[in-house]
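In: task: produce atomic coordinates for the following.
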Amino acid sequence: MSSPKKRRPAAPPPQPVDLLVLGGTILTLDPVDTIVPDGAVAIRKGRIAAVGPRRELERRYRPRRRLDARDRLILPGLVNAHTHAAMTLFRGVSDDQELLTWLEKYMFPLEARFVSPAFVRWGTRLACWEMIASGTTTFADGYFFTQEVARVADEAGLRAVPGQGIFDVPTPDAKNSAAGLARCEALLGEWQSHPRITPALCPHSCYTVAPETFPRIRELAARYHARVMIHAAESPGEMKIMKERYGTTPVRHLARLGALGPNLTAAHCVWVDDDEIRLLAEHGVGVAHCAESNMKLASGTAPLAKMLAAGVAVGLGTDGPASNNDLDMFGEMATVAKLHKVASLDPTRAPAAQVLRLATLGAAAALHLEKEIGSLEPGKRADLIVVETSSPNALPLYHPYSYLVYSARADAVETVLVEGKILMERRRLQTLDTEVIRRHAERYRRQIAAALPR
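Out: Just a heads-up that it's a prediction; the model follows:
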């Protein structure tokens, strides 16, 4: 008599999830650059529950909602590692200037006259509109009245690292560095436990913040386990000031002060030598590479290949929209890829896959957030974008990285999610009233234009 056939164990019932993004080609940007054709991303409570083939995830999960991404690309949201969001309202007021002239003759006087909590609020709302529409899900910001930056980013649903500006000289929101540090502490106290807002300290630079201020910055950052962001080695003018004032360079100056560390992100680092690159790598300093701003201000070309080879965590940033003049990370990727080819006369430099990583996981690492964002992996925050592939500049599509870096424009972004929440769906923004933002931007334009030298 034959033995009874063994029954297969019953398949486990589907697990509930909040959202299933399905049907597109997934570029995970994980450590081995896994690509999943006809894939799906399962999202639960703001985090990625699973990434894999669509059919498999449809069996395993029961979503409250499905988001159809067929014939599209699904990838991590772009991370802007350095900007000054509220400066959208100064976009284009003074172009074609050297950095220090631009700052001292135009920007600082305009900021003294116009920057207020309301200015920062509306300028940041305009920036959030631009960033969501172009696929940026996280931005690092350094400016004044930073509580407003944090509040607006939170309202818009974006992830942000808002850094309170610190100067020794009077600024729109503080009469000296002590007042700036007090504002930093208030920011850190209010926002330090927020899931999307990571407050930070932002001493402007080594030439606007005195050596004796840095120990107080270091102490406050240590007390709150906070990140610090600074401009460093951006232009020949800055290097000249540092040599005359301190007899050294910005990175060596920061090293002397004990300010280099794994909580620091240094923007620009254009004028750094091999020894300084080694110092940045050894201390775990992140670097925000802002190629378009450096080009427009004729500040120079950062040694990207050397920094990456040394193990420095480098990510892309746009810098502020008054010196770029946009917040378009797609444009920044295209520029970076081409700039480093022509600067080195080597067409193999800055290949598309590497540049896309610099705008996602690389920028997350530069901000010391790579464990949370920057790639589509289970357990990470559910920050992702859906990009269309049907426009003429996408066809025929052989290599998605090539399309995203060399061919796609910002308006290819259709859908944007942060922490599992939809901020834009099929190009319709969900969290911002764009017409109200437009009216306020026009009002500020009239005021600022009337104040410009004739």
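
In: burial measure for residue 70, as a count.
Out: Burial of residue 70 is recorded as 10 neighbouring residues (other Cβ atoms under 10 Å). Using the backbone N, CA and C atoms, a C-beta is placed for each residue, glycine as well.

In: again with the one 4 residues further on
Out: By other Cβ under 10 Å, the residues close to residue 74 number 26.

In: show the average pLDDT along the host helix or strand of it.
Out: Under the criterion of DSSP states H and E, residue 74 resides in strand 72-76. Averaged across strand 72-76, pLDDT comes to 98.

In: name every strand pairing with it and say which way it goes.
Out: When pairing is defined by DSSP bridges, strand 72-76 lines up against strand 25-27 (parallel), strand 384-388 (antiparallel).

In: output the below-cut-off pLDDT ranges for this structure.
Out: 1-8, 10 (pLDDT under 70).

In: same thing but 80
Out: 1-11, 453-454 (pLDDT under 80).

In: quick one, domains of it?
Out: Domain ranges of the chain: 15-76+380-429, 80-366, per automatic domain parsing.

In: can you give me the first-to-last residue distance of the shortest one?
Out: It stands for domain 15-76+380-429. 30 Å (Cα to Cα, to the nearest Å).

In: hmm, back to that, can you put the strands paired with strand 72-76 in JSON lines and add mean neighbour count?
Out: Output for the strands paired with strand 72-76, formatted as JSON lines (neighbours: other Cβ atoms under 10 Å):
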{"stretch": "strand 25-27", "mean neighbour count": "24"}
{"stretch": "strand 384-388", "mean neighbour count": "24"}
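
In: could I get those as JSON lines with distance to residue 403?
Out: Below are the strands paired with strand 72-76 laid out as JSON lines (distance: least, Cβ to Cβ, whole Å):
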{"stretch": "strand 25-27", "distance to residue 403": "11"}
{"stretch": "strand 384-388", "distance to residue 403": "8"}
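
In: one step back: ranking the domains of the chain by burial, who's on top?
Out: Of the domains of the chain, the one with the most neighbours on average (mean count of other Cβ atoms under 10 Å) is domain 80-366, at a mean of 21.

In: show me what residue 161 is bridged to.
Out: residue 140.

In: ok, it - contacts?
Out: 138, 139, 140, 141, 198, 199, 200, 227, 229, 367, 369 (Cβ atoms under 8 Å, 6 or more residues apart in numbering).

In: same question for residue 255.
Out: Shown in contact with residue 255 (Cβ under 8 Å, 6+ apart): 279, 283.

In: so it sits in a strand?
Out: No: counting by DSSP: H, G, I helix; E, B strand; the rest coil, residue 255 is located in no strand; its state is helix.

In: one step back: between the strands paired with strand 72-76, which one is closest to residue 17.
Out: Of all the strands paired with strand 72-76, strand 384-388 sits nearest to residue 17, with 14.3 Å by Cβ to Cβ.

In: picking up where we left off before, could you dump the contacts of residue 161 to TSV with secondary structure and distance to residue 17?
Out: Converted to TSV, the contacts of residue 161 look like this (DSSP: H, G, I helix; E, B strand; the rest coil; distance: Cβ to Cβ, whole Å):
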residue	secondary structure	distance to residue 17
138	strand	23
139	strand	28
140	strand	30
141	strand	32
198	coil	26
199	coil	31
200	strand	32
227	strand	31
229	strand	35
367	coil	28
369	coil	24
